[in-house]
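**Q** After the sequence you'll find the predicted model.
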Amino acid sequence: MNSFDQNSSLIWNPRPVKIGNVVIGGSEPVSVQSMTNTSTSDTQATAEQCKRLSEAGCALIRITARNHKEAENLANIKKELRDAGINIPLIADVHFSPSVAEIAAGLVEKVRINPGNFVDKRQVKLQYSDDENNMELLRISERLKPLLDICRKHGTAIRIGVNHGSLSGRIMQRYGDTPAGMAESAMEFVRMCHNAEFHQLVLSMKSSNVRVMVAATRLLIQKMFAEQMQCPIHLGVTEAGNGLEGRIKSAAGIGTLLADSIGNTIRVSLTEAPENEIPVAREIISFFEESKTDNGVIVNNSNVFTDASLIDYQRRHSKAVNNIGGGKVPVVVWGDSDVHTINEDLITEGNEGKITTDLNYDFKYQGINYLLLDPLSSTIMDFLKIPEIKTSKIIPVFELSNLSSIHKAREIINFIDKYNFRLPVLLSFTEDDNDIYRFAIRSAIRLAPLLNDGLCDGIYLRNDKIDKQTLARIAFGVLQATRSRITQNEYIACPGCGRTQYDLETALEKVKQATSHLKGLKIAVMGCIVNGPGEMADADYGYVGQGNGRVALYKGQTLMKKNIAEQDAVNELIDLLKAENQWKYP
C-alpha cells in the first residue's frame, strides 16, 4: 500500500541542464514547452508561430525535422527569430534518421530523439539472445557517438523521448509494450550517454494512456535512482485530444507526477492552436508553485523513488456501502446537503444520504452519512479510531484544497486500512469559478494523484457558478482520464506538427460528432504515419493522415483501408465500425 513519510531523506534533485538561455533541473522552476504545427520548410509561417508562442509565455519550442532539408532550414527559422529579438531556445524533433539529428544539433539548442526508431528498428525478431541484444546495443552506441560529439561541441542538449507505442522491436520482444519497456528503452540510451561522458540529457515517457505515462515515468525515476543518475524529466500526456477532455487528461497525468515532485518541463498536447496549450500548462504549474514551502521545496510522496507497488496499478480494497466501494466503479456524487449518486446520463444510482462536517456522528442514523473532512484537520485521526465506524455507513469525503491535503489524505487512507476499517473514500473539490476549463483543470490536478493510485471510490465536485450538468461532465471526465470509470469514448488525437498534411483539428471534430454517441471505444485521430499507428498504442480504431489529403483507417495496429479521400474518411470509418459490429445509431 502507498505511504507518505514526511521525514524521508530521499531527494530527487536532477542535475541542471542548460538549453540556450533556459536552465531546467536543479532548483529551477518548471518550464513550459510547445511545438509548432506549421511546415518546417515554411520559414515565415513557423517563425510567426514561434513568436506567438513566445508571447503566450512558452519557454522552449520544438520543431519537427523530417529530413536534411528541414533540418537545415532550422537555421533560417532561428535567424528570423533572433533578428526579431526573440531568443527562445529551439528543439529539433527527429525520428528515424541519425544524420538529420546531427545536422540539427549544430543549429538548435536541443535535439529530441526517440529510442524506438533512432537506429533501432520496429521490426520484431522472434527471439533476441543476450549476446544478440548486447551486439545491438553496441551498434546503437557506435551510431549515437557522432551525435554526442556534435552536441558536445555546440553545447546542445538531447532529449531522450520514449513514446508508448513506438518501442523498438528488440525492446518489444524482451518487455512487450509496457512501462517497463519504456523505462528500459530510455535507460539504455542514458547509459550510453553517461559512458561517453555526455550528461546534457532530458528524459520523457509519453503516452496517451495516463496510467501508462505515470507508471513509466515513476519506473524510470526508480531505475535512475538505483543507478545514481538524476536527469531532468519532461512531462506530457501525448495525443490528449482537445477541448475539455484534452485539458482534463493533461492535468491528470502531469499533475500526478508533479505531485510526486517529478517534472522539470511540461508540454500540454492539444489538437488545437499551439498557443492554446500555454495557459493550460501555466494553470497546472501554478498549483504547485502555490504549494511550495518557505524554502521552495514541494513535500512529495517520496516512496515513489523506491516503492515498486506504485508502478503496477492496484485498486484499493474497501468495504461496500450500498453500491459504493467493494470493488465497484467509482461513483459521482450529486447534490448539496441531501445527496445521491448519478450515472453519466444524470440518472440517479441511489446511495441517498446527507453531507455533514459534524464529527459528532450519530451511529443510529440508518442512511449514508457522507462526512466532509479537511485532511489537514488535527481531529480526524482520533475520530477514525472509534470502533463503531467499522460497521457504520459513514463515508469520508476528503476536501482537497492544496497539495498538502492530497498527501495527507493518502496518509489517512493508509491509516484507515491499517486499522482494517476499509471505509470507502470519496474525494472532493469545491470552488466558485465560472471558467469551466480552469475549474476542470484544477479538479483533475487535485483528484488524479489518488485516483491514479486506486485510492478512491468516488468524487464530489461543487461549484455554484457552473451548472450541475457540466459539473457531472467534468467529474466523469476525470474518472475517464484516469481510466477509473469508462463512460464515453476516448479520443486519442495528436496536436499536429510539421509532418501533418491535412486539417487535423477539423478531422477530429468530425470524428467526434459522428461517433460521440458510442461508448467505451478508443478512437485515434493522428496527423501522420509517425504518430500512427505506432503512437496510438492502445486505440481500438485509428484515423491516420497519409499526406496530400488522404487518410488511412486502422483497427488496432492493423491497416484496414488506405488512400481514402479526406472528405470520405468519416463515412468510411462509420462503415468500418458497422462491419465490426461496433456501430449504433444515435
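**A** Yep, that arrived.

**Q** List of residues touching the strand or helix carrying Glu102?
**A** Assigned by DSSP states H and E, Glu102 belongs to helix 98-105. With contact meaning CB atoms under 8 Å, 6 or more residues apart in numbering, helix 98-105 is reached by 65-68, 70-72, 74, 92, 94, 111, 113, 118-119, 143-144, 146-147, 150-151, 154, 156. C-beta: built from backbone N, CA, C; applies to glycine.

**Q** now with 6 Å?
**A** 65, 68, 71, 74, 92, 94, 111, 113, 143, 146-147, 150-151, 156 (CB atoms under 6 Å, 6 or more residues apart in numbering).

**Q** Which of the residues in that helix are classified as buried?
**A** Val100, Ala101, Glu102, Ile103, Ala104, Ala105 (16 or more other CB atoms under 10 Å).

**Q** hang on, the earlier thing: I would like a ChimeraX command selecting only the buried ones among the contacts of helix 98-105, please.
**A** Entered in ChimeraX, the line below selects the buried ones among the contacts of helix 98-105, by 16+ other CB under 10 Å:
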select :65,71,74,92,94,111,113,147,150,151,156
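
**Q** Which pair of the contacts of helix 98-105 spans the longest distance?
**A** Farthest apart among the contacts of helix 98-105 by CB to CB are Leu74 and Arg143. That separation is 21.6 Å.

**Q** between the buried residues of helix 98-105, which is nearest Leu53?
**A** Distances from Leu53 to the buried residues of helix 98-105, taken by CB to CB, are shortest for Ala104, at 18.8 Å.

**Q** Quick one, grab the pLDDT at that closest one.
**A** As predicted, Ala104 sits at a pLDDT of 97.

**Q** which regions of the stretch 251-400 of the chain sit below the pLDDT cut-off?
**A** 292-302, 361-365 (pLDDT under 70).

**Q** pLDDT weak spots in the protein?
**A** 1-11, 120-126, 292-302, 361-365, 498-502, 529-537.

**Q** for it, which helix is longest?
**A** helix 130-154 (DSSP state H).

**Q** Name the residues of that one that are buried.
**A** Glu136, Leu137, Ile140, Ser141, Leu144, Leu147, Leu148, Ile150, Cys151.

**Q** Run the angle between the helix holding Glu102 and helix 130-154 for me.
**A** 20 degrees (axes from the mean of the first three to the mean of the last three CA atoms, to 10 degrees).

**Q** Could you point out the helix or strand that follows helix 98-105?
**A** Following helix 98-105 in sequence, per DSSP H and E, is strand 110-113.

**Q** count of neighbours near Asn87?
**A** Asn87 has 13 neighbouring residues, counting by other CB atoms under 10 Å.

**Q** Spatially nearest residue to it (excluding sequence neighbours)?
**A** Leaving aside its sequence neighbours, Asn87 sits nearest to Asn21 (CB to CB, 6 or more residues apart in numbering; 5.5 Å).

**Q** Show me where the stretch 1-150 of the chain has its strands.
**A** 17-19, 22-24, 31-35, 60-64, 90-94, 110-113 (DSSP state E, counting those that start in this stretch).

**Q** what would the buried residues of helix 98-105 look like in a markdown table with distance to Arg410?
**A** A markdown table is the format used below for the buried residues of helix 98-105 (distance: CB to CB, whole Å):
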| residue | distance to Arg410 |
| --- | --- |
| Val100 | 45 |
| Ala101 | 41 |
| Glu102 | 46 |
| Ile103 | 48 |
| Ala104 | 43 |
| Ala105 | 43 |
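
**Q** ok, the residues you listed vs Ser318, which is closest?
**A** The closest of these, once distances to Ser318 are taken by CB to CB, is Ala101, at 49.7 Å.

**Q** quick one: Pro146 from Met187, how far?
**A** Applying CB to CB, to the nearest Å, the value for Pro146 to Met187 is 22 Å.

**Q** ugh, typo on my part, it should be Ile221
**A** Applying CB to CB to Ile221 and Met187 gives a distance of 11 Å.

**Q** Settle it for me: which of these two has more neighbours?
**A** Taking Ile221 and Met187 together and counting by other CB under 10 Å, Ile221 has the greater number of neighbours (27 against 20).

**Q** wait, what's in contact with that one?
**A** Contacts of Ile221 by CB under 6 Å, 6+ apart are Ile262.

**Q** any idea what it is structurally, helix, strand or coil?
**A** helix (DSSP: H, G, I helix; E, B strand; the rest coil).

**Q** same question, Cys456
**A** coil.

**Q** what's around it, how many residues?
**A** Neighbours around Cys456, by other CB under 10 Å: 28.

**Q** Verify the contact between it and Leu427 for me.
**A** Yes: assessed by CB atoms under 6 Å, Cys456 is found in contact with Leu427 at 5.2 Å.

**Q** Where do the helices of the stretch 301-450 of the chain begin and end?
**A** Counting by DSSP state H, counting those that start in this stretch, the stretch 301-450 of the chain has helices at residues 380-384, 403-418, 436-451.

**Q** Could I get those helices in a markdown table, plus columns for mean neighbour count and distance to Ser269?
**A** Shown next, in a markdown table, are these (neighbours: other CB atoms under 10 Å; distance: least, CB to CB, whole Å):
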| stretch | mean neighbour count | distance to Ser269 |
| --- | --- | --- |
| helix 380-384 | 15 | 38 |
| helix 403-418 | 20 | 24 |
| helix 436-451 | 25 | 14 |
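
**Q** so can I have a markdown table of those showing distance to Ala226?
**A** Formatted as a markdown table, the helices of the stretch 301-450 of the chain follow (distance: least, CB to CB, whole Å):
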| stretch | distance to Ala226 |
| --- | --- |
| helix 380-384 | 34 |
| helix 403-418 | 24 |
| helix 436-451 | 23 |
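
**Q** quick one: which of the ones you listed is nearest Leu81?
**A** Once the helices of the stretch 301-450 of the chain are compared by CB to CB, helix 436-451 is nearest, at 29.4 Å.

**Q** Give me the distance between stretch 402-419 and the centre of its chain.
**A** Its chain's C-alpha centre and that of stretch 402-419 lie 23 Å apart, by CA atoms, centre = their mean, to the nearest Å.

**Q** can you start the count at 205 instead of 1 from here on
**A** All set: I'll call the first residue 205, so the last point we hit is now stretch 606-623.
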